[in-house]
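Visitor: fold the following for me, if possible:
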Amino acid sequence: MRILRSLSFGIGLAAMSLALGQSQSALAANAELRGEAMQAGFGRLAFTFDEPVTTRARVSNGVLVVGFSQPVKVDPSRISRELPAYVSLARVDPDGRGLRFALAKTYRANLLEAGDRAFIDLLPENWVGQLPGLPPEVLAELTKRLRLAESRARDTARAPAPEPKPLGFRSVRLPTLDRLMFNAPAEAQLTPRLDNGQLTLAFDQPLQLEAGKIRSLLPAGFTLESAGNEGGGTELVFSVPKERELRSFREDHGWTVDLAHPAAATALTLSALEAGTAARGSQPAAPPQAAAVQPKAAPASAAATPATPLAAPAAPAAPAPVAAPAAVDPAPRDIIVSSVANGDGGRLDFRFSRPTGAAAFAEPGLVTLVFDTRDTLDPDRLKGLLPAFIRDVTVTREAKITVLRLRTRSQQITRLSDDGASWSLSFGEKLGKPASALAPRRETDERGETVMAVPVPGMTGVHWLENRDGGAPMAVATALGPTRAVPKPYRFVEFGLPQTAHGIAISALADDVMVRAGTDEVEIARNGGLVVSLDADKPNEPEKKATDSAAAPLLDAQRWSSLRTDDVRARTQELLRDVADASRGRKSEARLALARFLVANEMLPEAAGPLNALLADDPAMRGNREALFLKGVIATQMHRHAEALKAFDAGPIKEEAEIGLWRALVEQRLGRNAPALAGFRRAETILDGYPPDLQAQFRPAMARAALAMQDTLVAERQIAHLAELSASLVPAEDLALLQAMLDDASGRPEAALNGYRALFEAVSRPVAAEAQLRAVRLARAEKRPELSVDEAAARLETVSAIWRGGEIEIEALAELGRIYAQQQRWRDAFQIARRANENFPDHPATRLLHDETAQRFEALFSDPDIEKLPRLEALALFYDFKEFLPVGRRGDEITRLLADRLVELDLLDQAGDILHYQMEKRLNGAARSTVAARLAMIRLMNRRPAEALQALVSTRLAELPGDVKRARLLLEAKALSDLSRTDQALDLLEGESGPEVDRLHADILWNGRRWREAGEALERILGESWRGEAPLGDGERGDAMRAAIAYAMSDEALSLDRLRTKFAGKMAQSPDARLFAFVTGASRASAADIREVARSAAGSDTMQDFLKAYRKRYPAFSSAVRDKPQADDADAPPPPRPGQG
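Guide: Got it, this is the predicted structure:
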């Protein structure tokens, strides 16, 4: 016995050593199964697992049942061949937790377990003597494992215990709470407990304590009662003021424990802060993290929230982009500060524990330093340093940065220089290192919008500062050394770049300016793009400016006008002959002259031929400015926008301002108004020199771009220029439309609406259509009574019918769809969106309209809004406009709601098909199993139990939520019952309980014609309802009738008498009194009489009762239930015959 006990202990140690450091098996263990007929006259099954598994074995009715403690993957197919005299058939349980062997004879099972192996011996029924033991090789292996485990245990016992790690401590008293901060190892866990003024803090590992230091740093009113290491952990017991609220949380450096005052929810005021500071007295100063500045204006709700500690870092004015992650030091360290005064200058030195990103910039009387560090800076160390230059210093902690604001006595020249892990701020003209210059550049992002980029090598992040003086929000980009600075200030419409001593500062003048951190680059952007013209003013490119100013214009107005002629054909033939007769050296020049003439006379396709031939045949002309320009002009005038932009991006002409003018025209046509307006404004002086016919093209586009960007001054100026042009070039109706649009953008809705109305019947169809569209938009936005919703819809219907193509049609369709949705004309609204998708699939307005329509579709079919629609109309809309069904889980939910609608209309086949498609094509995992339960319920309602069972079996999963598992089990039991597989249905319900289970149990017994058991189950459901004075409900009367009939059919006289004794009184007061008295009375002649009387009661379907109970218990996994009309007696199914079941 001692050997066996040691062996068992060794097996356990070996298993533990094998499992040490390994993760839990993902799904199932693997096992190898072998069979062998032993010479001693018995058969042996040998299991070898890849991890320890507990095994059980028993023999029942000639079947060996083997169970496992977890799912196991094993192949038993060879056993019948290896042990034919013992095993005839082997099967694996579906869940993998068991095996079943059909035994050829009657055998006894003897189980032997040895670590990751198990042996089952099949012994003859007449076996006598000692039971077989483990194979010798297995015992030898176990002995080896035992010795190895014991050796490891001895080594572990002899190994010295590791030294406890130190537990650091500091505290701070705040107006609303007292904070205890423990610098503990990262793996240490804390369990705090506060009971009637006694605070117990238990760490789960031994820690090195300095009780004296902890006592000296405790806040007033706190006492350390005891501290020590016991039971493998550390426990500290404090006496604290009563009526405190305990909170604790984990931080990077350890654990923080807050004891909030009872009045912690009161608003924090300056006087409270001062009082808290005075009360702290001689207590140690709080670390800078606890001195972080709060936002200037906090919401009232935030002030009343006791869970928000005072020391939480303040939120920046705008979200700061995340820089590349840096290594985090386990604990912040102190920043060492020193100063040097030298003649007419001075220097402040900041020494850090690691290289630190910094930024510095100066304003009148103020120098701001920003350090991207977790190290702490004590403000007291800065007091009295360089008094000749610094008047006072403010140190704040804002988010992840430390900010120093030095107020200087006079304007000083400042420089910031680095020296390894140190930064030095120099005052005066002779101190400090020279800085490399940082210069911004204008770029275009992936959306074609203008952004500003500033290269910053070594950047560590972008941070938003709090502005205490009420000025513009300020962002800074901190960087490592060497020193890099913005040498001069830059001022733009939306933002400014102040001069810096190191790094970058961005002053946001517009509310939506975004500053993003890239890879060694800061990107400044805005929704719709920035309006900047930096490239024309680059200080380091004087040669390029001189070249641009000296370059001849690409389109000379005088030559352009001279090329235009009334006799285009004759001049064209003359130029064509010149091309044909030209020598090889002159052919390119002749082709260029022909293309120039054709473009000036608006013969664009004809001009493309000689120009393309020119560029293809003469490589030298591929860099010719005029040829490349004409290629872009042809594409622009033919509205080939992508081709035009590609042509204007050619290297020799890409940076020219005149090319920017033509590029802006293309951008405006594409709806990119921000870069278009920037290009127009940059080249406006060039546009002033263009011929009138071209100005008539460009100025309306520039006005529209300006109006889109709310730049009414530019738009007004362009409209004034257009008014000076000839009426043949700028029709009066076009000018009037632009003026109405200007009134609209300038906040003069009445004048704008009158201007639009005057153009409703304009001769120009585009003007009339756009005027009606804009009038409808304005009237709806301003809620003007002059244009009713019906009139607006009629106007837009006319526009969408008579005008096809372009922005007008798509915008009219979008607005008309919104009006239809407002009028709840859902079919019309969806038809409009479908038309837009078909005609303008890639237009941004179409995508927006589609998204809006999909949201309306979702809202329309979401519960409970779906109840507002008639059922048939809702189904018709769903089937006709499925393309607006949201993608993903929300769309699947809407589909299931529609399936419920179909069920309510008794369209069970269609509802089942919808859920079947979702189950097979759209879902997987637990969601698929849940929908399968709803599908099974519908199949059962439709009298298709086999299909219901198939839906449940095909979606069976081992890991499902408990409610889903139980709901599916009930439905599977019901399906088995309807398939007359009564025993299997009852086996499924074994061990389950609840009202819905009792109801289903009775229903299964009733359908299986087990009358006595069905009567008893129904009587249990009725319970104590026979007591009291309350009458029986309809369901209770039906259960009482079915119980009585079941007892009568099984000739259970005693049970029938008991039921009559209980319910005769209450049933006598119900509509079923005579029927109940007849069934339970002794006057009936035979069971045939019961059969006639029970035709409507006993033969009634119990499906509805089960479904109602199931739906009440599991509404999330149920479909709708439609109450069927009461069937006539003639249509009732015949009752079961007596004696059946």
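Visitor: quick one, strands of the stretch 101-250 of the chain?
Guide: Remark: strands assigned in the stretch 101-250 of the chain by DSSP state E, counting those that start in this stretch are 107-114, 117-124, 165-166, 168-173, 177-183, 190-195, 198-203, 207-208, 223-230, 233-239, 245-251.
Visitor: got JSON lines for those strands, with mean pLDDT, mean neighbour count and distance to residue 156 too?
Guide: For every residue, glycine as well, the C-beta is placed using N, CA and C. Formatted as JSON lines, these follow (pLDDT from 0 to 100; neighbours: other Cβ atoms under 10 Å; distance: least, Cβ to Cβ, whole Å):
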{"stretch": "strand 107-114", "mean pLDDT": "91", "mean neighbour count": "18", "distance to residue 156": "24"}
{"stretch": "strand 117-124", "mean pLDDT": "92", "mean neighbour count": "21", "distance to residue 156": "26"}
{"stretch": "strand 165-166", "mean pLDDT": "88", "mean neighbour count": "14", "distance to residue 156": "20"}
{"stretch": "strand 168-173", "mean pLDDT": "89", "mean neighbour count": "20", "distance to residue 156": "30"}
{"stretch": "strand 177-183", "mean pLDDT": "90", "mean neighbour count": "21", "distance to residue 156": "30"}
{"stretch": "strand 190-195", "mean pLDDT": "90", "mean neighbour count": "14", "distance to residue 156": "27"}
{"stretch": "strand 198-203", "mean pLDDT": "92", "mean neighbour count": "18", "distance to residue 156": "23"}
{"stretch": "strand 207-208", "mean pLDDT": "88", "mean neighbour count": "16", "distance to residue 156": "22"}
{"stretch": "strand 223-230", "mean pLDDT": "88", "mean neighbour count": "13", "distance to residue 156": "20"}
{"stretch": "strand 233-239", "mean pLDDT": "92", "mean neighbour count": "18", "distance to residue 156": "20"}
{"stretch": "strand 245-251", "mean pLDDT": "87", "mean neighbour count": "14", "distance to residue 156": "30"}
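Visitor: kindly reformat those strands as TSV containing distance to residue 957.
Guide: TSV is the format used below for those (distance: least, Cβ to Cβ, whole Å):
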stretch	distance to residue 957
strand 107-114	30
strand 117-124	28
strand 165-166	45
strand 168-173	50
strand 177-183	45
strand 190-195	37
strand 198-203	41
strand 207-208	46
strand 223-230	47
strand 233-239	41
strand 245-251	36
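Visitor: out of the ones you listed, which gets nearest to residue 718?
Guide: Set against residue 718 and scored by Cβ to Cβ, those come closest in strand 245-251, at 59.5 Å.
Visitor: quick one on the thing from earlier: who wins for proximity to residue 840 among the strands of the stretch 101-250 of the chain?
Guide: strand 245-251 (53.7 Å).
Visitor: now that closest one against strand 177-183, angle please.
Guide: Using axes from the mean of the first three to the mean of the last three Cα atoms, to 10 degrees, the inter-axis angle of strand 245-251 relative to strand 177-183 is 30 degrees.
Visitor: what sits up against strand 245-251?
Guide: Residues outside strand 245-251 that contact it (Cβ atoms under 8 Å, 6 or more residues apart in numbering) are 181, 190, 192, 194, 199, 255-260, 262, 264, 306-307.
Visitor: please repeat the previous calculation with a cut-off of 10 Å.
Guide: 177, 179-184, 186, 188-195, 199, 201, 240, 255-262, 264, 289, 306-307, 309 (Cβ atoms under 10 Å, 6 or more residues apart in numbering).
Visitor: in the stretch 1001-1141 of the chain, which ranges drop under the pLDDT threshold?
Guide: Applying pLDDT under 70 to the stretch 1001-1141 of the chain flags the ranges 1054, 1082-1141.
Visitor: run the last query once more with 50
Guide: Along the stretch 1001-1141 of the chain, the parts satisfying pLDDT under 50 run over 1085, 1098-1100, 1123-1141.
Visitor: then the chain?
Guide: Checking the chain against pLDDT under 50 turns up 1-26, 264-330, 535-550, 1085, 1098-1100, 1123-1141.
Visitor: mind giving me the packing neighbours of the longest helix along it?
Guide: As assigned by DSSP state H, the longest helix anywhere in the chain is helix 136-158. Counting contacts by 3 or more Cβ pairs under 10 Å, 6 or more residues apart in numbering; DSSP states H and E, helix 136-158 packs against helix 2-19, strand 107-114, strand 117-124.
Visitor: circling back to that earlier point, so which of the strands of the stretch 101-250 of the chain gets nearest residue 517?
Guide: strand 245-251 (25.0 Å).
Visitor: give the partner strands of that closest one in its sheet and their orientations.
Guide: Paired strands of strand 245-251, with direction, are strand 254-260 (antiparallel) (DSSP bridges).
Visitor: and residue 993, how close does it get to residue 970?
Guide: 12 Å (Cβ to Cβ, to the nearest Å).
Visitor: of the two, who's got more company?
Guide: A direct count of neighbours by other Cβ atoms under 10 Å for residue 993 and residue 970 places residue 970 higher, at 26 against 9.
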